[in-house]
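J.: coords below, sequence missing:
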């Protein structure tokens with residue numbers, strides 16, 4: 001029987017791409033899921049239908065995660081629907097645009113940091129009391145933060161702000177794991193490499209760039225959203241495990257730390 005059966009999960013940016021795949025995998029593993037989205041709700045409806053087929057519970061809500069006023073009500077709504085919170089998947093983030101240091105003015109830098117790092121901090125801060133209560137009652141809780149290969153090695157041209165924010169997510173993960181470990185909450189990160197078929201790479205990666213990257217990957221292919229989703233489910237499920245403060249690299253072997 002799945003260790004995730006009956007667990008309650010909140011997934012940010014869960015209605016498309018990697019987030020959508022994570023939600024599908026969590027549902028199939030036995031979770032009830034609350035899905036956050038910003039503008040696109042198409043995937044949320046798809047997840048609701050999938051949950052019904054699996055006899056699981058699923059609901060969704062839109063929120064702007066670049067402000068506390070957007071994050072706190074989202075967490076409250078998720079907890080009210082789910083009846084508590086065992087798992088938090090911080091998936092929201094975006095490159096926004098490719099800009100060099102000279103082109104990245106203060107407003108752009110602040111926007112990138114707020115979305116990619118600030119959203120993780122805000123949502124986690126709001127969710128922490130509920131995760132701690134679950135950990136005390138049920139033996140553990142889990143946070144999984146989505147970083148990026150760019151946060152490991154700096155990314156391609158024009159991704160300085162994004163790479164910096166994603167690198168900070170890795171540091172945030174390590175530091176928070178030490179802070180909340182005594183409360184039974186594990187905190188880990190995923191660092192995906194080239195994951196094609198997502199809006200991120202459709203928008204920001206040319207075919208020429210993708211082909212050049214694939215040529216350097218030892219496994220000889222790009223990743224897909226399910227590769228990341230399986231890893232997210234694994235880290236989420238280890239309620240009595242000994243893994244915390246870790247980063248799992250999902251890149252086909254192009255970077256190994």
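T.: All right, it came through fine. Computed from a predicted structure; not experimentally measured.

J.: alpha carbons only for contacts and neighbour counts from here, please
T.: Noted.

J.: Which secondary structure element of the protein has the lowest mean pLDDT?
T.: Ranking every helix and strand in the chain by mean pLDDT, DSSP states H and E puts helix 199-204 at the bottom, with a mean of 60.

J.: Can you classify residue 189 as helix, strand or coil?
T.: Following DSSP: H, G, I helix; E, B strand; the rest coil, we place residue 189 in the strand state.

J.: residue contacts, it?
T.: Going by C-alpha atoms under 8 Å, 6 or more residues apart in numbering, residue 189 touches 144-147, 170, 173, 245-248.

J.: Most neighbours among those, which one?
T.: Among the contacts of residue 189, residue 147 has the most neighbours (other C-alpha atoms under 10 Å), with 31 neighbours.

J.: pLDDT on the one helix or strand residue 34 maps to, on average?
T.: Applying DSSP states H and E as the criterion places residue 34 in strand 32-37. Average pLDDT, strand 32-37: 98.

J.: Now do the buried residues in it.
T.: By neighbour count on 16 or more other C-alpha atoms under 10 Å, the buried set for strand 32-37 is 32-37.

J.: Contacts only, for residue 54.
T.: Residues counted as contacts of residue 54 (C-alpha under 8 Å, 6+ apart) are 27-28.

J.: For this structure, just list every one of the strands.
T.: Secondary structure of the chain (DSSP state E): strands at 8-11, 32-37, 58-62, 87-90, 141-146, 185-192, 247-250.

J.: looking at the ones you listed, which is closest to residue 109?
T.: Closest approach to residue 109 among the strands of the chain is made by strand 141-146 (19.4 Å; C-alpha to C-alpha).

J.: give the contact list for the residue most central in space within the chain.
T.: Against the mean C-alpha coordinate of the chain, by C-alpha atoms, centre = their mean, the closest residue is residue 91 at 2.3 Å. By C-alpha under 8 Å, 6+ apart, the contact list for residue 91 reads 11-14, 18-19, 145-146.

J.: Quick one: neighbours of the nearest residue to residue 236 once chain neighbours are set aside, just the number.
T.: Nearest residue to residue 236, sequence neighbours excluded (C-alpha to C-alpha, 6 or more residues apart in numbering): residue 142, at 5.4 Å. As a burial measure, residue 142 scores 25 neighbours (other C-alpha under 10 Å).

J.: so where's the protein uncertain?
T.: The chain contains residues with pLDDT under 70 at 1, 198-205, 257.

J.: And the helices in it, which stretches?
T.: 17-28, 42-54, 68-82, 106-113, 119-138, 149-153, 160-180, 199-204, 207-214, 225-237 (DSSP state H).

J.: is it true that residue 185 touches residue 133?
T.: No - taking contacts as C-alpha atoms under 8 Å, residue 185 lies outside contact range of residue 133: 10.0 Å.

J.: Could you check which of the two is surrounded by more residues?
T.: For residue 185 and residue 133, the more surrounded residue by other C-alpha under 10 Å is residue 185, and the numbers stand at 28 against 19.

J.: what does stretch 93-100 rub up against?
T.: In contact with stretch 93-100 (C-alpha under 8 Å, 6+ apart) are residues 13, 112, 115-116, 157-160, 162, 200, 204.

J.: Drop anything exposed from these.
T.: Buried residues within the contacts of stretch 93-100, counting neighbours by 16+ other C-alpha under 10 Å: 13, 112, 115-116, 158-160, 162, 200.

J.: Considering these, which is situated nearest to residue 48?
T.: Ranked by distance to residue 48 (C-alpha to C-alpha), the buried ones among the contacts of stretch 93-100 are led by residue 13 at 15.0 Å.
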